[in-house]
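Undergrad: Predicted structure and sequence below. I'll ask about it afterward.
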Amino acid sequence: MTDRPANDVDLESPWRRLSAGMLLVEPVREVIRFIPMLLVLLVAGATGDGGPPWGLLGTGLVVALGIIRYLTTRYRITPAVVEIRRGLLQRRHLTVPRDRIRTIDVSAHPLQRLLRLVRVDIGTGSSQPHAASVRLDGLPAVSVPGLRAELLHRTTGASRPARPAVAAPDGAAEVELTRLRPGWIALAPATLSGVVTGAVLIGFGFRLLYRARLDPAELGPVREALGFLQGHSVWLDVGLAAATILILVALLSVAGYVISYWGFRLVRHTGGTLQVSRGLLTTRSTSVAERRLRGVQRREPLVLRWARGARLHAVATGLRRTGGEGGEGGGSSLLMPPAPVADVLGVESTVLGDERPTNAPLAEHGPAARRRRYTRALAGAAGFAAVLAALTWWTGLPAPLYPIWVAIALIGALLLAADRYRNLGHALVDRHLVVRLGSLHRRRTVLAIDGVIGVTIRQSPFQRRAGLMTVIATTAAGSQHYDIPDLPRTVAIDLTRALVPASRPLIRRRSPYPTS
């Protein structure tokens, strides 16, 4: 980003305001943001005798802040840049080159939907903290298709020629790849999102009760439930409690799924973009230029995998990295919500334009990689047994239960090791690198070799003794690096040679992988 105009032609483009509906949205947003402070002012005004109406004054000041935010915001789109100017006391002038734009992320909360307004986030692929401020909050919803076409499809004033459009059925401007099916909602409990939601609600509820100095056992429904449980056996109480928790988690998971993914659609525009739309209360639409797409990643958490479901995410430049990887560079990478594997595989093949990387068999990493997984799993089980033994000795836990817990830990470690090795594999198919790894959270990544900008070979002392290496493919997209762990040394060298052709003169051995 820069704060200089691109050229003299840019200066002729007019500055525009956001929609006048933001005169309502901005004050409401500011009032919600300052609710704690306003409550304090209201209490202060109520306890005073004939003093100033602090609550009314504070509310007026907050509303004025919202109006000032609207009045001081301007933007314009020129053939070369997008400019945003905001602020009264501290002026900010952001300039984004058009050729740096990677994604258009459109969202609208309920109030904005009522006023037919949207918020547009322009993703530039930048890792700088201020990248998240490239935002036009308060555009008319009807202007979004034209804005998306102008910035991503390069239909007007593009800095480079647009790619030829692909003909759509019946001359349509977009082709629908998939949409939400009611049967997908049945997979919601397998996402376990209700566990997190339930924990947050329970914590918030207990905090309110603590602040109000109320004993939960004194509440009518809780008191009746405790009285009912006291008249039955312990095992029946445990069973009823477990069933109640499972039902609650399932209901919360379904509710969260519907709120997040209702109205989900994935379409391909003839201008060369993929667009994902979803949301019940707050709608969201993310557009990704296909020329920025470097691959896809299929994510299969353990419980979702048991239910024969999966998610699909894009590996592209300019997207917000998810799954704990941080970043605010653009829109969400989601291409498919939790859905049956068959549907996910079909969309994956369609997005890639080839089903071979999706269905390709993967090469195993050999006996040494298998031994490494069993060794690490058994070491973890041994550590658990040692900690449990110390707790049994120090705290007087029931000694007869110790062998049972150790046996459970040992069996779990063996099953985990077997599953981790079974899920480990890689392949090179049609100029794509395919990598699969993980057990509790299995991931299968398809990465275009053209998107690999470098390769790192890492070898720990334990790997060196076992003759293994980890190959790390570096790319500007997605999480920016993808690991292929515990490869035999010769296989790692051959794979490096295939991914980085410039390394061929450094390696004499003939590679079995295709390099063209």
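TA: Ah, there it is.
Undergrad: Could you give the number of residues near Arg92?
TA: Using other C-beta atoms under 10 Å, Arg92 has 13 neighbouring residues. (Each C-beta comes from the backbone N, C-alpha and C, glycine too.)
Undergrad: And for it, nearest residue in space, chain neighbours not counted?
TA: Of all residues not flanking Arg92 in the chain, Arg86 sits nearest, at 5.5 Å (C-beta to C-beta, 6 or more residues apart in numbering).
Undergrad: how close does the one you found get to Arg16?
TA: For Arg86, the distance to Arg16 (C-beta to C-beta, to the nearest Å) stands at 13 Å.
Undergrad: more neighbours, these two?
TA: Counted by other C-beta under 10 Å, Arg86 and Arg16 do not tie: Arg86 has more neighbours, with 19 against 12.
Undergrad: and the strand or helix carrying Leu251, how far out from the chain's middle?
TA: According to DSSP states H and E, Leu251 maps onto helix 234-261. Between the centre of helix 234-261 and the centre of its host chain there is 24 Å, according to C-alpha atoms, centre = their mean, to the nearest Å.
Undergrad: Kindly report the same for stretch 462-478.
TA: 25 Å.
Undergrad: okay, how far is it across it, tip to tip?
TA: Start-to-end span of stretch 462-478 (C-alpha to C-alpha, to the nearest Å) is 29 Å.
Undergrad: Any buried residues in that stretch, and which?
TA: The neighbour-count check on stretch 462-478 (16 or more other C-beta atoms under 10 Å) flags Gln463, Ala466, Leu468, Met469, Thr470, Val471, Ala473, Thr475, Ala477, Gly478 as buried.
Undergrad: list the contacts for the residue lying closest to the fourth one once chain neighbours are set aside?
TA: The shortest distance from Met469 to any residue other than its chain neighbours is 3.9 Å, reached at Ala492 (C-beta to C-beta, 6+ apart). Taking C-beta atoms under 8 Å, 6 or more residues apart in numbering, we find Ala492 in contact with Ile457, Leu468, Met469, Thr470, Val471, Ile484.
Undergrad: I'd like the next helix or strand past the helix holding Leu251.
TA: Downstream of helix 234-261, the next assigned helix or strand under DSSP H and E is strand 265-269.
Undergrad: low pLDDT regions in the stretch 401-516 of the chain?
TA: Low-confidence segments of the stretch 401-516 of the chain (pLDDT under 70): 502-516.
Undergrad: now swap in the stretch 251-400 of the chain and tell me
TA: Applying pLDDT under 70 to the stretch 251-400 of the chain picks out residues 320-331.
Undergrad: where exactly do the helices run in the stretch 51-200 of the chain?
TA: 54-71, 110-114, 144-151, 193-211 (DSSP state H, counting those that start in this stretch).
Undergrad: rank those by pLDDT, which is bottom?
TA: Ranked by mean pLDDT, the helices of the stretch 51-200 of the chain end with helix 193-211 at the bottom, a mean of 66.
Undergrad: From Trp15, how far off is Arg85?
TA: 7 Å.
Undergrad: Need the mean per-residue confidence for stretch 88-106.
TA: Here the average pLDDT along stretch 88-106 is 82.
Undergrad: Now do the buried residues in that stretch.
TA: Those would be Leu94, Thr95, Val96, Arg98, Arg100, Ile101, Arg102, Thr103, Ile104, Asp105, Val106, for stretch 88-106 by 16+ other C-beta under 10 Å.
Undergrad: surely the last one meets Thr286?
TA: Yes. When contacts are counted by C-beta atoms under 8 Å, Val106 is listed as touching Thr286 (7.4 Å).
Undergrad: ok, back up a step: contacting residues around the residue nearest to Arg92?
TA: Arg69, Thr72, Thr73, Arg74, Arg92.
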